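Enquirer: Here's a sequence, model it:
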Amino acid sequence: MRRGVTMIELILVVGLVTLVVGISGGFYSRFLTQNAVANTTDQLVESLRKAQTYAMAGKENSNWGVAYQGGAIVFYRGNSYATRVSAFDEVTSVNSSLTVSGLTDINFARVTGLPTVIPSCPLCPPEF
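Expert: Coordinates of the predicted model:
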């Protein structure tokens, strides 16, 4: 009796392995995209909460805000992104495969912590 692997068995195994690898590539790509969206959402919410907290606490006796500029989330001190004190900027880059829309500049009023611009942002928490 001969022992070994026939050519048909070898072709079947190679075909099945190729099929599994091909299918898993699509799932992995989707996982990476979902992970990037979740990370960006977390970074944006963290920046918004920090800006609101700083404004309510009256830190540096100023307003604080968050802007999306040039593919990055910018946490800043000042009445608007254009008139900010850039020494206080904290810049968080956004994954280049993502696009953030509806967010340009949200500024929180000192003491009250109310946003001066109501965002139409799908990533923003509902209470804003």
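
Enquirer: Which neighbouring elements make contact with the strand ranked longest in the chain?
Expert: Ranked by number of residues, the top strand in the chain under DSSP state E is strand 85-93. The contact analysis (3 or more Cβ pairs under 8 Å, 6 or more residues apart in numbering; DSSP states H and E) places strand 85-93 against helix 7-57, strand 72-77. For glycine as for every other residue, the C-beta is placed from the backbone atoms N, C-alpha and C.

Enquirer: Can you tell me which of the ones you listed is most buried?
Expert: strand 72-77 (a mean of 20; mean count of other Cβ atoms under 10 Å).

Enquirer: List the contacts of stretch 40-57.
Expert: Stretch 40-57 is contacted by residues 60, 62-66, 73, 75, 77, 90, 92, 94-95, 98, 100, 103, 106-113, 115, 123-125, 128 when judged by Cβ atoms under 8 Å, 6 or more residues apart in numbering.

Enquirer: so for it, what's the average pLDDT?
Expert: For stretch 40-57, mean pLDDT is 95.

Enquirer: hmm, back to that, among the contacts of stretch 40-57, which ones are buried?
Expert: Among these, those classed as buried by 16 or more other Cβ atoms under 10 Å are 62-66, 73, 75, 77, 94, 100, 103, 106-110, 113, 115, 123-124.
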